[in-house]
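Novice: here is my input; please provide its structure:
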Amino acid sequence: MNDSQASPSWCFERLQTVRFGHCDPAGIVFYPRYFEMLNELVEDWFNQGLGIDFGQLHGPRRVGMPTVSLHTDFRRVSRIGDPLRQRLALLKLGRSSLSLQLEFCGAADNSDVRVQFRQVLVCTCLDTHRAQAFPNDLRAALERAAGAAAV
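Specialist: I've put the predicted structure just below:
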């Protein structure tokens, strides 16, 4: 990711404390745990930020949101006990896909970026595993998020 890019408009954020289970024997976050935290952040954005129940979407509604592209830059280490400010920005909304920028920073200083992600999710039917248009309620929630982030 390029440091010269304009700052995105963050549409969702939360705090998470680095726990013992996130760390390797060196006492720093074991990199696969960042991907688990990333997935949790996206789920929380759906549930809390968009008001769309992620479990219902994947369960009874049979709508999947798999990652089709993920770019990651590891910038600095995080250690047990560190609070991380996790932020998500909706960069692009298509018919059946969306692009996100996400970053985890030290809680006290947003310039203390630990890891950055660019992620593309695609809306799929879990019965056929083919791309499909976003359901109407999800599209409306995503458009509200995109509109709020643009303000």
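
Novice: got a list of what Arg144 touches?
Specialist: By Cβ atoms under 8 Å, 6 or more residues apart in numbering, Arg144 lies in contact with Leu50. Heads up, the C-betas are built off the backbone N, CA and C, glycines and all.

Novice: next, the contact list for the closest residue to Leu142 other than its chain neighbours, please.
Specialist: The shortest distance from Leu142 to any non-neighbouring residue, by Cβ to Cβ, 6 or more residues apart in numbering, is to Leu93 (5.5 Å). Contacts for Leu93 (Cβ under 8 Å, 6+ apart) come out as Leu142, Glu143, Ala146.

Novice: just for the protein, where's the confidence low?
Specialist: Along the chain, the model assigns pLDDT under 70 to residues 1-7, 148-151.

Novice: how about 50 then?
Specialist: Applying pLDDT under 50 to the chain flags the ranges 1-4, 151.

Novice: helices of that one, start to end?
Specialist: With DSSP state H as the definition, the chain shows helices at residue ranges 31-44, 54-58, 136-150.

Novice: tell me the contacts of the residue nearest to the spatial centre of the chain?
Specialist: In the chain, the centroid-proximal residue (Cα atoms, centre = their mean) is Val42; its distance is 3.9 Å. Taking Cβ under 8 Å, 6+ apart, we find Val42 in contact with Met65, Leu88, Leu100, Leu102, Gln119, Leu121.

Novice: among the residues you listed, which two are most distant?
Specialist: For the contacts of Val42, the maximum inter-member distance is 14.3 Å, found between Met65 and Leu102 (Cβ to Cβ).

Novice: the two: who's more crowded?
Specialist: Neighbours were counted for Met65 and for Leu102 using other Cβ atoms under 10 Å; Leu102 has more, 24 against 20.

Novice: gap between the closest residue to that one other than its chain neighbours and Gly49?
Specialist: Nearest residue to Leu102 in three dimensions, chain neighbours excluded: Phe117, at 4.4 Å (Cβ to Cβ, 6+ apart). For Phe117, the distance to Gly49 equals 16 Å [Cβ to Cβ, to the nearest Å].
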